[in-house]
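**Student:** Show me the folded form of this:
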Amino acid sequence: MSAAPYRLVRLALWVEASPREEAALTESLREALAPHGDVVVHGRGPVPRTPDLLHFEVELTPRGSTSDCLKALGFTWEEDYGWSESERPVDGGVFLCPAVYGAQAGEAEAAAAPQFETGDVVRVRDSPQARELGLVGAEVVVGHPDYDASVAPAHRTWRYSVHIEGQDETEDLDERDLRPTGRRVRLYGDERISVSADGVAARAPGT
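**Tutor:** Predicted coordinates for the structure are as follows:
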């Protein structure tokens with residue numbers, strides 16, 4: 001089976017180090033992961049509640065399948081839980097470098113990259129599903145992307161949970177039913193900030 005056009009492995013890493021070591025560790029982690037594919041490492045700074053740990057996020061496009069890449073990195077698939085986690089005090093051993101305290105992994109394979117990200121403000125197109133939900137023409141906020149995992153990776157298309165003003169529960173809509181507006185909000189946090197190309201457009205209480 002040929003590889004899906006869009007393939008992404010995500011890693012969250014927690015590393016025992018000081019902030020002054022972040023730049024060097026970012027490069028060290030990138031070099032360690034480079035044999036597995038094209039990689040970008042983001043240093044996110046100290047973990048707020050555990051300041052002696054630095055948080056790193058990794059986006060890795062493997063040369064083969066995402067599952068083969070994760071297995072090569074030492075992760076295992078657990079039917080009821082998904083990809084295993086690595087925690088040095090529990091598992092022992094070393095993941096990428098001795099300073100890595102813990103690691104979590106996720107992956108996605110689809111026909112194309114998702115068009116929208118969490119916080120994107122989109123307008124709902126006319127479709128049977130949108131008419132059923134009464135959302136045709138409405139502006140909604142993208143929550144999280146998802147797809148039907150039972151479909152072959154090369155044929156998967158995206159759907160999104162969307163947040164609707166005045167409604168606590170989200171709804172799911174296919175990507176083809178959404179049109180970009182060019183605006184974004186910070187969806188989770190103390191306040192919701194609507195952002196356009198001109199800067200901050202509006203503020204409202206967060207969710």
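**Student:** CA atoms for contacts and neighbours, from now on please.
**Tutor:** OK.
**Student:** which neighbours does the longest strand anywhere in the chain have in its sheet, and in what orientation?
**Tutor:** Taking DSSP state E as the criterion, the chain has its longest strand at strand 50-62. Taking DSSP bridges as the criterion, strand 50-62 sits next to strand 6-16 (antiparallel), strand 37-47 (antiparallel) in its sheet.
**Student:** State the distance from the closest residue to residue 169 other than its chain neighbours to residue 62.
**Tutor:** Spatial nearest neighbour of residue 169, chain neighbours left out: residue 163 (7.4 Å); criterion: Cα to Cα, 6 or more residues apart in numbering. Counting by Cα to Cα, to the nearest Å, the gap from residue 163 to residue 62 is 32 Å.
**Student:** just residue 93 next, same as before
**Tutor:** Distance from residue 93 to residue 62, by Cα to Cα: 24 Å.
**Student:** Pick out whichever of the two has more residues nearby.
**Tutor:** residue 62 (23 against 12; other Cα atoms under 10 Å).
**Student:** Contact partners for the closest residue in space to the more buried one that isn't next to it in sequence?
**Tutor:** Computed as Cα to Cα, 6+ apart, the closest residue to residue 62 that is not its neighbour in sequence is residue 37, at 4.3 Å. If you count contacts by Cα atoms under 8 Å, 6 or more residues apart in numbering, residue 37 has them with 60-63.
**Student:** going on from the longest strand of the chain, what's the next piece of helix or strand?
**Tutor:** helix 66-72 (DSSP states H and E).
**Student:** Check which residues of that following helix are buried.
**Tutor:** By 16 or more other Cα atoms under 10 Å, the buried positions in helix 66-72 come out as 66-67, 69-70.
**Student:** For the residue lying closest to residue 16 once chain neighbours are set aside, give me the pLDDT.
**Tutor:** Leaving aside its chain neighbours, residue 16 sits nearest to residue 53 (4.6 Å; criterion: Cα to Cα, 6+ apart). On the pLDDT scale, residue 53 is placed at 93.
**Student:** Near residue 53, how many residues? Count them for me, please.
**Tutor:** Residue 53 has 22 nearby residues by other Cα under 10 Å.
**Student:** Next: residue 150.
**Tutor:** 7.
**Student:** Equivalent analysis for residue 181, please.
**Tutor:** Residue 181 has 12 nearby residues by other Cα under 10 Å.
**Student:** So which residues of this protein form helices?
**Tutor:** In the chain, helices defined by DSSP state H lie at 22-33, 66-72, 88-91, 128-133, listed in chain order.
**Student:** Can you lay out those helices as JSON lines showing mean pLDDT and distance to residue 176?
**Tutor:** Converted to JSON lines, these look like this (pLDDT from 0 to 100; distance: least, Cα to Cα, whole Å):
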{"stretch": "helix 22-33", "mean pLDDT": "94", "distance to residue 176": "34"}
{"stretch": "helix 66-72", "mean pLDDT": "94", "distance to residue 176": "25"}
{"stretch": "helix 88-91", "mean pLDDT": "61", "distance to residue 176": "43"}
{"stretch": "helix 128-133", "mean pLDDT": "94", "distance to residue 176": "11"}
